[in-house]
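Visitor: Quick check, what structure comes out for this input:
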Amino acid sequence: MNASLSSPRLLLGASALGVLGLFLLSFLVGPYPIPPATVLRVFLAQLSLAERGWSEAVEMVVLDVRAPRIAAALLVGAALACAGAAYQNLFRNPLVSPGVLGVSSGAGFGAALGILLGLPGAAVQGMAFALGLVAVGLTVWLGRSFDRHATLVLVVAGLVVSAFFQALVSLTKIVADPLNQLPSITFWLLGGLTRTTPATLLGALVPIAAAGLVLHALRWQVHALAAGEDEARALGVNVRRVRIVLIVAATLMTAAATSLCGIVGWVGLLIPHIVRMLVGPCFAIVLPMSALLGGGFLLGMDNLARMAGTVEVPLGILTSLIGAPFFALVLARTRRQWF
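Guide: Here you go, the predicted model:
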């Protein structure tokens with residue numbers, strides 16, 4: 001086996017085992033202690049491989065509370081990391097994050113508006129997802145109105161759209177009921193997985209899985225695009241089509257992830273850097289590695305949020321507190337060796 005390929009594959013395998021171990025340990029984290037053997041037997045009972053000898057409360061905590069939340073942390077972390085890796089390759093800029101085209105701000109306004117209108121949780125998630133897509137659509141339209149080929153113009157258009165939707169979020173918070181609606185809007189914007197249910201998890205899983213399959217199918221074209229548009233065209237890549245599909249797929253992942261857990265930063269910016277340090281710039285390896293490390297990172301942060309004290313710390317605060325200084329260390333380590 002080629003040594004250049006065997007090392008990344010070993011790292012992929014080791015990362016998968018590490019994430020699996022973290023996944024199993026996460027069921028033991030929380031204010032309601034459950035022995036590891038009981039957790040295992042609860043899952044075996046679903047396959048009729050063990051007899052029930054525990055209370056309904058234990059089964060509800062394991063299957064209805066912790067399992068959807070743990071799965072959501074893995075899903076959201078993987079989606080944000082993969083979207084960040086795709087955007088960074090597309091724009092050839094290591095400082096690009098999944099919210100660069102305004103999807104996070106648009107989703108934040110959609111959720112805030114849904115809460116202001118008194119909609120149920122699933123409808124709030126749907127509005128966040130829809131407004132996230134609308135924000136990116138406005139960004140693309142605005143960028144194409146000035147220069148349909150310049151990626152820098154697209155980034156600037158994303159900043160403009162983000163500022164616009166952030167202003168709408170602020171306006172929504174001003175007119176919201178300060179006793180009921182405003183706290184809900186604030187906690188949603190801070191990010192967290194406390195609202196996760198099997199239904200909301202499934203609603204985010206479908207677009208994230210579909211977009212992930214698209215990114216996987218385009219992995220070699222995306223890798224060629226990172227070398228430059230002229231080089232990619234020389235290799236037979238339809239640059240315009242790949243750019244459009246890449247933006248749509250990464251936006252779907254980010255919008256679905258944000259609609260599920262709120263605005264959680266640093267995952268899509270930090271994790272791709274770490275992955276490239278470990279396995280190199282090949283997008284075919286960067287994509288699955290980003291999914292593993294992104295999911296593991298966010299699951300670890302969520303475990304810390306649940307263990308931090310009697311009051312759960314919002315997930316967005318934890319990722320910023322830990323991600324920002326760690327990114328500074330990564331930045332100093334890598335310097336200009338990005339791709």
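
Visitor: Could you check how far the helix or strand hosting L298 is from the centre of its chain?
Guide: Taking DSSP states H and E as the definition, one finds L298 inside helix 283-307. Taking Cα atoms, centre = their mean, to the nearest Å, the mean C-alpha location of helix 283-307 is offset from the chain mean by 9 Å.

Visitor: Give me the angle between the helix or strand just after it and helix 283-307.
Guide: Next helix or strand after helix 283-307 toward the C-terminus (DSSP H and E): helix 315-334. Here helix 315-334 runs at an angle of 140 degrees relative to helix 283-307 (axes from the mean of the first three to the mean of the last three Cα atoms, to 10 degrees).

Visitor: Just the buried residues of helix 315-334, please?
Guide: Along helix 315-334, these residues count as buried under the neighbour rule (16 or more other Cβ atoms under 10 Å): L315, G316, I317, L318, T319, S320, I322, G323, F327, V330. C-beta here means a position set from N, CA and C on the backbone, and glycine is covered the same way.

Visitor: Grab the nearest non-local neighbour of the fourth one.
Guide: Residue nearest to L318 in three dimensions, not counting chain neighbours: M301, with 4.9 Å by Cβ to Cβ, 6 or more residues apart in numbering.

Visitor: ok, the one you found - contacts?
Guide: A73, L315, L318, T319, I322 (Cβ atoms under 8 Å, 6 or more residues apart in numbering).

Visitor: Now distance to S7 too, for these, in JSON lines please.
Guide: As requested, the contacts of M301 are exported to JSON lines (distance: Cβ to Cβ, whole Å):
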{"residue": "A73", "distance to S7": "28"}
{"residue": "L315", "distance to S7": "33"}
{"residue": "L318", "distance to S7": "31"}
{"residue": "T319", "distance to S7": "29"}
{"residue": "I322", "distance to S7": "27"}
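
Visitor: from those residues, which two are the most distant?
Guide: Based on Cβ to Cβ, the longest span within the contacts of M301 runs between A73 and I322 and measures 14.6 Å.

Visitor: So, low pLDDT: which residues of the stretch 51-200 of the chain?
Guide: With pLDDT under 70 as the threshold, the stretch 51-200 of the chain has low-confidence stretches at 147-150.
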